[in-house]
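Participant: fold the following for me, if possible:
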Amino acid sequence: MRVGKSVKTQLLPDPPQKINPIIPPHPQRKPTTQSWAVFTYTGKETTYITKLFRHTNIKIAYRTNNNLLRHLTPNPQPLDPFTRSDVYRLSCPDCCKACIGQTGRDFRTRYNEHKRALQYNPHTSKYALHAATQQYTFGNIQEHMQILHTHNKSAHLNTTEKFYIFKEASISNHLNDHHTVPNSKIFQTILNDFREESH
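Facilitator: Numbers count the residues shown, from 1 in each chain. This next block holds a predicted model:
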């Protein structure tokens, strides 16, 4: 009896083994890195500048100083705009040519640096050098320093500055170095659109 079972066991094939299918791993999507840039909305030019980042991974957010909380909160001492920082325009009182610049310090500090340059070393400031060589008047901060844009200091600050340099250069009105004037078809398109809407 034992021999019969042994023979039967040897003659019968082994039971089929269950094979687990090989499932390829699910491809993982590479995380997309996005960064945000916050602009203080000051008008149409803010919209034109932010269009430059439309096809990038940089998301744009706007903020405004004209909000309900500001109107409801008493503010007996108005904010000095020259305590902020960003891109500015210094115009000559005598010929109206302009120098575009950016600063991470407040505008008043940067203005005083231009003023000291006129007294001690005009070659460190294109605006001071222009006033010294032409014997022109050095403009005061209230009338001749225009704040063009304010937002957090970042890489976008360079783009904003280049746009305004390009704008002044397009009408031959800039005092900046010629090598700082960008040759940009995008800037030209923005200026053309802006001028068409202004008329």
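Participant: how about the residue nearest the centre of the chain, what does it touch?
Facilitator: Centroid-nearest residue in the chain, with Cα atoms, centre = their mean: residue 156, separated by 1.8 Å. Residues near residue 156 by Cβ atoms under 8 Å, 6 or more residues apart in numbering: 37, 39, 53. Quick note: C-beta positions are derived from backbone N, CA and C, even for glycine.
Participant: out of those residues, which sit inside strands?
Facilitator: 37, 39 (DSSP state E).
Participant: most surrounded residue in the contacts of residue 156?
Facilitator: residue 39 (20 neighbours; other Cβ atoms under 10 Å).
Participant: with respect to residue 167, which of the contacts of residue 156 is nearest?
Facilitator: residue 39 (17.2 Å; Cβ to Cβ).
Participant: residue 133 - nearest residue in space that isn't next to it in sequence?
Facilitator: Spatial nearest neighbour of residue 133, chain neighbours left out: residue 122 (7.6 Å); criterion: Cβ to Cβ, 6 or more residues apart in numbering.
Participant: so who does the one you found touch?
Facilitator: Neighbours of residue 122 in contact, by Cβ under 8 Å, 6+ apart: 128, 129, 131, 132, 133.
Participant: the same query, at a cut-off of 10 Å, please.
Facilitator: 114, 128, 129, 130, 131, 132, 133 (Cβ atoms under 10 Å, 6 or more residues apart in numbering).
Participant: for the record, mean pLDDT for whatever helix or strand the first one lives in?
Facilitator: For residue 114, the host element (DSSP states H and E) is helix 107-120. When pLDDT is averaged over helix 107-120, the result is 95.
Participant: check stretch 140-147 too.
Facilitator: 94.
Participant: before we move on, the earlier item: the helix holding residue 114: which residues count as buried?
Facilitator: Buried residues in helix 107-120, counting neighbours by 16 or more other Cβ atoms under 10 Å, are found at 107, 108, 110, 111, 114, 115, 117, 118.
Participant: that one - contacts with which helices or strands?
Facilitator: Using 3 or more Cβ pairs under 10 Å, 6 or more residues apart in numbering; DSSP states H and E, the elements in contact with helix 107-120 are strand 87-91, strand 98-102, helix 126-134, helix 141-144, strand 145-149.
Participant: dump these to a markdown table, plus mean neighbour count and distance to residue 177.
Facilitator: Below are those laid out as a markdown table (neighbours: other Cβ atoms under 10 Å; distance: least, Cβ to Cβ, whole Å):
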| stretch | mean neighbour count | distance to residue 177 |
| --- | --- | --- |
| strand 87-91 | 23 | 15 |
| strand 98-102 | 23 | 10 |
| helix 126-134 | 19 | 7 |
| helix 141-144 | 13 | 20 |
| strand 145-149 | 18 | 18 |
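Participant: these into CSV, with extra columns for distance to residue 49?
Facilitator: Output for the helices and strands packed on helix 107-120, formatted as CSV (distance: least, Cβ to Cβ, whole Å):
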stretch, distance to residue 49
strand 87-91, 10
strand 98-102, 13
helix 126-134, 23
helix 141-144, 23
strand 145-149, 8
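Participant: fine by me, thanks again.
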